[in-house]
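# Kindly generate the corresponding structure for this input.
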Amino acid sequence: MIVYVTIILAFCLLELVKETYPRLHSIIYTIYIFLFLTYLVISLIIPFVTHYFSIVPVALLPVFKLLLFSVLLLFITQIVEELLSEYEYTSLATMFTFTTKAIILLAWLQHMKQFYEKFFSVLGLLS
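Residues are numbered from 1 along each chain as shown. Below you'll find the predicted structure:
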């Protein structure tokens, strides 16, 4: 409920700023988006996730953390990409998305390194 009230108050303040100081609107809007994302991550997502870390079996915990990292990073990337596209920085938004996907791919490849080593050693034994 607090999140909805915050969104409504921010909307009213942003409309006020848009009408009184239109040049400052985009800067204040961008700052608000990042502050609101920080608020959501710190107050809602981190406590929610830490609760589920105790439920997940220890063997699956690294995969669960990596999967959660990937989902959160893609979610934040989507928000930032839409924000950049709205301000007509589409090439920067595309580079941001590509870089995020590359980071996620490298993180998963690093995590799966042991699996690939075992898999290729088994394939070597079969031939």
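# and the helix or strand encompassing residue 117, how far from the chain's centre?
Using DSSP states H and E, residue 117 maps to helix 113-126. Relative to its chain's centre, helix 113-126 lies at 33 Å (C-alpha atoms, centre = their mean, to the nearest Å).
# got a list of contacts for it?
Residues outside helix 113-126 that contact it (C-beta atoms under 8 Å, 6 or more residues apart in numbering): none are found. (Glycine included, C-beta is placed from N, CA and C.)
# quick thing: my sequence starts at 11, can you match it?
Right, with 11 as the first residue, what we last looked at is helix 123-136.
# What average pLDDT does that helix get?
Helix 123-136 comes out with an average pLDDT of 80.
# What residues sit buried inside the helix or strand where residue 94 lies?
Assigning secondary structure by DSSP H and E places residue 94 in helix 71-96. By 16 or more other C-beta atoms under 10 Å, the buried positions in helix 71-96 come out as 76, 80, 87, 90, 91, 93, 94.
# How about the fifth one: what's its closest non-neighbour residue?
Meaning residue 91. Counting by C-beta to C-beta, 6 or more residues apart in numbering, residue 91 lies nearest to residue 103, which is 4.4 Å off, once chain neighbours are set aside.
# my read: that neighbour touches residue 88, true?
No: Residue 103 is beyond contact range of residue 88, at 10.0 Å (criterion: C-beta atoms under 8 Å).
# circling back: which element is the residue nearest to residue 91 on?
helix 100-121.
# tell me the domain boundaries of this structure?
Domain segmentation of the chain under automatic domain parsing yields 11-65, 68-137.
# least reliable of those domains going by mean pLDDT?
With a mean of 83, domain 11-65 has the lowest mean pLDDT of the domains of the chain.
# Run the chain-centre distance for the helix holding residue 103.
Centroid separation for helix 100-121 versus its chain: 11 Å, with C-alpha atoms, centre = their mean.
# Spit out the contact partners of the residue nearest to residue 91.
90, 91, 92, 94, 95.
# okay, now the spatially closest residue to the first one that is not a sequence neighbour: neighbour count?
What it means is residue 90. In this structure, residue 90 finds its nearest non-sequential neighbour in residue 106, 6.1 Å apart by C-beta to C-beta, 6+ apart. Neighbour count of residue 106, defined by other C-beta atoms under 10 Å: 16.
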